[in-house]
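Participant: Any chance you could fold what I've pasted below:
(2 chains)
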Protein chains: 2
Amino acid sequence: MNKPTLYTCLSPALLHLYDVRDCVVVVIDILRATSTISTALYNGAKAIIPVDSVEKCIRLGREMECITAGERDGKVAEGLQYGNSSFEYPREFIEGKTLVLTTTNGTKLLHMALAKGATEIITGSFLNLSAVCDHLLSQNKNVVLACAGWKDKVNLEDTLFAGAVAARVKEQFTVNCDATQVAETLYGVAADDLFGFMKAKDASHYHRLIGFGLERDIRHCLTPDLANVLPYYVNERLVIR
Amino acid sequence: MNKPTLYTCLSPALLHLYDVRDCVVVVIDILRATSTISTALYNGAKAIIPVDSVEKCIRLGREMECITAGERDGKVAEGLQYGNSSFEYPREFIEGKTLVLTTTNGTKLLHMALAKGATEIITGSFLNLSAVCDHLLSQNKNVVLACAGWKDKVNLEDTLFAGAVAARVKEQFTVNCDATQVAETLYGVAADDLFGFMKAKDASHYHRLIGFGLERDIRHCLTPDLANVLPYYVNERLVIR
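Facilitator: Numbers count the residues shown, from 1 in each chain, chains lettered A, B, ... in the order given. This next block holds a predicted model:
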């Protein structure tokens, strides 16, 4: 039996090169959308509605009486109530609530994948690394690891996560994809100390968030399995599978 | 004094994210356009005229009575005289001649950079690694390392070369570019045995060319400084600087 294929798309601007239909698309935005999504759902959020504009976020929040959250360029977007940090969503705050979320890169990529015909979308972060890998290993379907990057540029942390997934699951997939090899090799170098690697390489997003005093967020977002749930997209929202 | 910037663009489909004006653009297509360009010029070719279509290649070849060469999908394109292998251009054949060349990825990328306003374009390959690095170090100008990839997908060999350049020149540049860090890290892993790395990772282009019986070409194209000249683009042709 042929193994299913595994591809890594390193930037949303390359998504058109991959067939996302009939496969599992893993949306990856480590700093910080998909980390926040894992955390909020792990802490009991009922659902997260990802939207691609601040305006829509505000409107939906009003109509549905939900919490609105999101960032543009790493800061809370004007008109929204909360930001894009896991630490804003502890269980005592988020349990049972629905969050409408918009971010610079991650939620936009999710909508791009939908527009291209994706029918099965999950979100991946180090916080739910094992849940993502276990799911991919159980499905026997083709996979596209879709990195959000930063404004279409390739970034280190999303590439590292794609590499972490590839390292764990590759034996069960056909990998004819140089981007996956790049990601896995990068992860192999960095795996023992992801934070140290990001710091040593002065990753652009590391640099940006450190400038906002968010070292704790970065460390959190690079820690495996702290919020090990599987967010999947159904009926226009992310819920736990 | 501020150092100039160094960016790496991992795919032609990402070129719009980089400002290529007023900087040195290094066009990289290791397998095999920019390797063939280095070799032909090193062996005495008068000039190489890169064109972006087979039709234009045939027309110019006829008008100017030049050699026509090029490939599509790794094979000699129909209607052209020669292919895209360094071994087709020994000194006794190419000295004093002008070559009109079109390839799947490399020559297309060069024309994209021109269309985006690039004014200084050179071509890079392992065969002329030192010449490229020496030039970049001598110019004090911003640099974009532009990888041709394969039909807009990121590939291993072009990324490796960008990493090799970054490893040599980075101290004299400001590198706020995750793609450069990815490339340099990859090169660090592969540097001791580039061919072995490409083989171990079953790089897509390695796989394609091995299928055509071109292992010798791959080994040649991964060997530093075998044709150490600096091809630069002026008056619609590549000549030695």
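Participant: Wait, residue A:157 touches residue A:198, no?
Facilitator: Yes: counting by Cβ atoms under 8 Å, residue A:157 touches residue A:198, with 6.6 Å between them. Yep, even glycine has a C-beta here, placed from its N, CA and C like the rest.
Participant: Compare neighbour counts for these two and give me the winner.
Facilitator: Neighbours around residue A:157 and residue A:198, counted as other Cβ atoms under 10 Å in any protein chain shown, are more numerous at residue A:157. The numbers are 31 against 28.
Participant: For the residue nearest to that one when sequence neighbours are not counted, grab the count of nearby residues.
Facilitator: Spatial nearest neighbour of residue A:157, excluding adjacent residues (Cβ to Cβ, 6 or more residues apart in numbering or on different chains): residue A:30 at 4.1 Å. Residue A:30 has 28 neighbouring residues, counting by other Cβ under 10 Å.
Participant: Check the secondary structure at residue A:30 for me.
Facilitator: Three-state call for residue A:30 (DSSP: H, G, I helix; E, B strand; the rest coil): coil.
Participant: Settle this for me: it is touching residue A:161, isn't it.
Facilitator: Yes: the criterion here is Cβ under 8 Å, and residue A:30 meets it with residue A:161 at 5.4 Å.
Participant: Touching both of these two, which residues are there?
Facilitator: A:125, A:126 (Cβ atoms under 8 Å, 6 or more residues apart in numbering or on different chains).
Participant: List the residues that contact residue A:18.
Facilitator: Neighbouring residues of residue A:18 by Cβ under 8 Å, 6+ apart: A:7, A:9, A:144, A:146.
Participant: confidence score at it?
Facilitator: With respect to pLDDT, residue A:18 scores 97.
Participant: now the one 3 residues further on
Facilitator: The predicted local distance difference test score for residue A:21 is 95.
Participant: any shared contact partners between residue A:157 and residue A:198?
Facilitator: A:206, A:222.
Participant: elements contacting the worst-scoring helix or strand of chain A on mean pLDDT?
Facilitator: Using mean pLDDT, DSSP states H and E, strand A:75-76 stands out as the lowest-scoring helix or strand of chain A, at a mean of 80. Helices and strands touching strand A:75-76, as assessed by 3 or more Cβ pairs under 8 Å, 6 or more residues apart in numbering or on different chains; DSSP states H and E, are absent.
Participant: what does the very next helix or strand once past that strand rub up against?
Facilitator: Counting by DSSP states H and E, the element after strand A:75-76 in chain order, helix or strand, is helix A:91-94. Defining contact as Cβ under 8 Å, 6+ apart, one finds that helix A:91-94 is touched by A:40, A:43, A:44, A:45, A:67.
Participant: Backbone dihedrals for the residue nearest to residue A:157, please?
Facilitator: phi -60, psi -40 (degrees, to the nearest 10).
Participant: any idea how far it is from residue A:170?
Facilitator: Distance, residue A:30 to residue A:170, using Cβ to Cβ, to the nearest Å: 20 Å.
Participant: can you check residue A:212 too?
Facilitator: From residue A:212 to residue A:170 the distance is 35 Å (Cβ to Cβ).
Participant: The two - which one has more neighbours?
Facilitator: Ranked by neighbour count (other Cβ under 10 Å), residue A:212 and residue A:170 place residue A:170 first, with 15 against 12.
Participant: which residues sit in contact with residue A:173?
Facilitator: For residue A:173, the contact set (Cβ under 8 Å, 6+ apart) comprises A:3, A:4, A:5, A:6, A:143.
Participant: do the same with residue A:45
Facilitator: Contacts of residue A:45 (Cβ under 8 Å, 6+ apart): A:89, A:94, A:95, A:96, A:97, A:98, A:99.
Participant: Assign the last one to helix, strand or coil.
Facilitator: Meaning residue A:99. Residue A:99 - assigned by three-state DSSP - is strand.
Participant: Quick check: residues of chain A near chain B?
Facilitator: A:10-11, A:13-14, A:16-17, A:150-156, A:159, A:175-179, A:181-182, A:185-186, A:188-190, A:201-205, A:207 (Cβ under 8 Å from any Cβ of the partner chain).
Participant: same thing but 7 Å
Facilitator: Contact residues, chain A versus chain B (Cβ under 7 Å from any Cβ of the partner chain): A:10-11, A:13-14, A:17, A:152-156, A:159, A:176, A:178-179, A:181-182, A:185-186, A:189, A:201, A:203-204.
Participant: Helices along chain A, start to end?
Facilitator: Along chain A, the segments classed as helices by DSSP state H run A:33-42, A:54-64, A:91-94, A:106-115, A:129-139, A:156-169, A:178-190, A:194-200, A:204-211, A:215-221.
Participant: average model confidence for the second one?
Facilitator: Averaging pLDDT along helix A:54-64 gives 93.
Participant: Could you do the longest one as well?
Facilitator: Per-residue pLDDT over helix A:156-169 has a mean of 98.
Participant: try the last one
Facilitator: The predicted model gives helix A:215-221 an average pLDDT of 95.
Participant: What sits closest to residue A:46 if chain neighbours are left out?
Facilitator: residue A:98 (5.1 Å).
Participant: got any ranges where chain A has weak pLDDT?
Facilitator: A:1 (pLDDT under 70).
Participant: mind redoing it with 90?
Facilitator: A:1-2, A:52, A:70-79, A:84, A:103-108, A:202-214, A:241 (pLDDT under 90).
Participant: Report the buried residues of stretch A:64-83.
Facilitator: A:66-71, A:74, A:76-77, A:80-83 (16 or more other Cβ atoms under 10 Å in any protein chain shown).
Participant: Was I right to think residue A:224 contacts residue A:131?
Facilitator: No: shown here, residue A:224 and residue A:131 do not form a contact pair, counting by Cβ atoms under 7 Å, at 10.5 Å.
Participant: So between those two, which is more surrounded?
Facilitator: Neighbours were counted for residue A:224 and for residue A:131 using other Cβ under 10 Å; residue A:131 has more, 22 against 14.
Participant: can I assume the more buried one is in contact with residue A:229?
Facilitator: Yes: with contacts counted by Cβ under 7 Å, residue A:131 reaches residue A:229, the gap being 5.8 Å.
Participant: who touches both of those two?
Facilitator: With contacts taken as Cβ atoms under 7 Å, 6 or more residues apart in numbering or on different chains, not a single residue reaches both residue A:131 and residue A:229.
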